[in-house]
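Undergrad: quick one, structure for this:
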Amino acid sequence: MRKRIALLLVLGLVVWSGLACNLSELANRLSTPTPAGPALEQTPVVVVLTPTPLPPELTAQGDVEEQIVINVYAQVSPAVVCITASQQFGSCIGSGFIIDAEGHVVTNNHVATADPALLVTLADERSVPAEVVGADPGTDLAVLKIDATPEELVVAQLGDSASLRVGQRAIAIGNPFGLERTVTTGIISSLGRTLPRDDSDFQIAEVIQTDAAINPGNSGGPLLDSQGRVIGVNTAIRSLSGVNSGVGFAIPVDIVKRVIPELIADGRYRHPWVGVSGSTIFPEMVEALDLSVDTGVLIYTVEPGSPAEDAGLQGGSRELVVSGRPVIAGGDILVAIEGAEVKRFDDLINYLASNTSVGDSVTLTVVRDGERVEVEVMLEERPGNR
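TA: Below you'll find the predicted structure:
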């Protein structure tokens, strides 16, 4: 056994000795300088990054969406006009669009009344005088008339707004800052808004909100769906700077289709009127006034000589402050009109604008002394066409 161990030790020493010699020789070679020779030219290494191609189905989808906007612009932009004040020739003060072969142009009231003498510039860059046929501050809509043959006109197709949904595509064409026939795109951000007016306590009803860029000069131009149908008339923006902030507003085309025929026929539009003022019920009001309902409109005042007074609606009788807000308590609570629920005052405004006309009789459901009461109201025209 001892002889085997001794033999293994001897063999190990021999192997180690040979390995050490080889390592020593390698070290000597590495430390010996290489004789100088001709300089070697170094070739730079270029790394080429190849982008990963998008899947065909994604690029195809992008192409389709682009083509939608391209097609809508090609179809509708010839129907969009630039409206110019005669004293400011060449600078668009607003937009409009042709609605029939007779030369009627829809625009905003605030555009049509901005100057006593207006010019309309067509897609072929001809400028022609425009006459104001009718205007309505209550919807901020107006109709102009130009002298042109049907062959010279491209007519925009009117769609509908009752079926609009938040999130669907919205395309605007107009003349922002005088840049003629500019297209912008976005979505419908909200529906059923109301807009306050500077010239009246009444509000503009059923307004479409969109994030498609709307700027000064877009006023009166069309808001369109993906088929190129007019779904609204661009009318206002909400902005602290006076330029687009992603919140623009348009009058829905269903209101346009109610108002424009009357403007063409009579020069004005008659707005249906109930004759009440009030407040949307808020949570603190329910407890403070011990109301029997959680939602609705608490009627504050009933105007003398109004349809509401004739129908026997009751306003409030005492003033108090609830959560820092002044309220008038004791009046009827409006909860429905023609069976449609009224949760906010805007619901009443929007229903009247979209579904009623002067002379219609509507059923209002009110809560009075804890009981539901149905009241028939004959709608009249707003006093002074406000």
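
Undergrad: contacts only, for L191.
TA: 164, 166, 206, 208-209 (C-beta atoms under 8 Å, 6 or more residues apart in numbering). The way it works is simple: take the backbone N, C-alpha and C, and place the C-beta from them, glycine included.

Undergrad: make it 7 Å
TA: 164, 166, 208 (C-beta atoms under 7 Å, 6 or more residues apart in numbering).

Undergrad: ditto for P252
TA: 161, 206, 208, 232.

Undergrad: give me the pLDDT for the nearest residue to R165 once chain neighbours are set aside.
TA: Counting by C-beta to C-beta, 6 or more residues apart in numbering, R165 lies nearest to I188, which is 7.1 Å off, once chain neighbours are set aside. The score at I188 is 97. That number is its pLDDT.

Undergrad: for this structure, what spans make up the helices?
TA: 2-31, 56-76, 109-112, 253-266, 283-289, 307-311, 345-355 (DSSP state H).

Undergrad: which of the ones you listed has the lowest average pLDDT?
TA: Going by mean pLDDT, the lowest-scoring of those is helix 2-31, which has a mean of 43.

Undergrad: please name the bridge partners of the nearest residue to L379 once chain neighbours are set aside.
TA: Residue nearest to L379 in three dimensions, not counting chain neighbours: P272, with 4.1 Å by C-beta to C-beta, 6+ apart. According to DSSP bridges, the residues that bridge with P272 are E381.

Undergrad: who are the contact partners of P272?
TA: Going by C-beta under 7 Å, 6+ apart, P272 touches 352, 356-358, 360, 379.

Undergrad: JSON lines for the residues you listed, including distance to P137 and neighbour count?
TA: Formatted as JSON lines, the contacts of P272 follow (distance: C-beta to C-beta, whole Å; neighbours: other C-beta atoms under 10 Å):
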{"residue": "L352", "distance to P137": "16", "neighbour count": "20"}
{"residue": "T356", "distance to P137": "19", "neighbour count": "19"}
{"residue": "S357", "distance to P137": "18", "neighbour count": "14"}
{"residue": "V358", "distance to P137": "17", "neighbour count": "14"}
{"residue": "D360", "distance to P137": "22", "neighbour count": "13"}
{"residue": "L379", "distance to P137": "19", "neighbour count": "20"}
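
Undergrad: among those residues, which two are most distant?
TA: L352 and V358 (10.4 Å; C-beta to C-beta).

Undergrad: I figured the residue nearest to R165 hits V166, correct?
TA: Yes - with contacts counted by C-beta atoms under 7 Å, I188 reaches V166, the gap being 5.5 Å.
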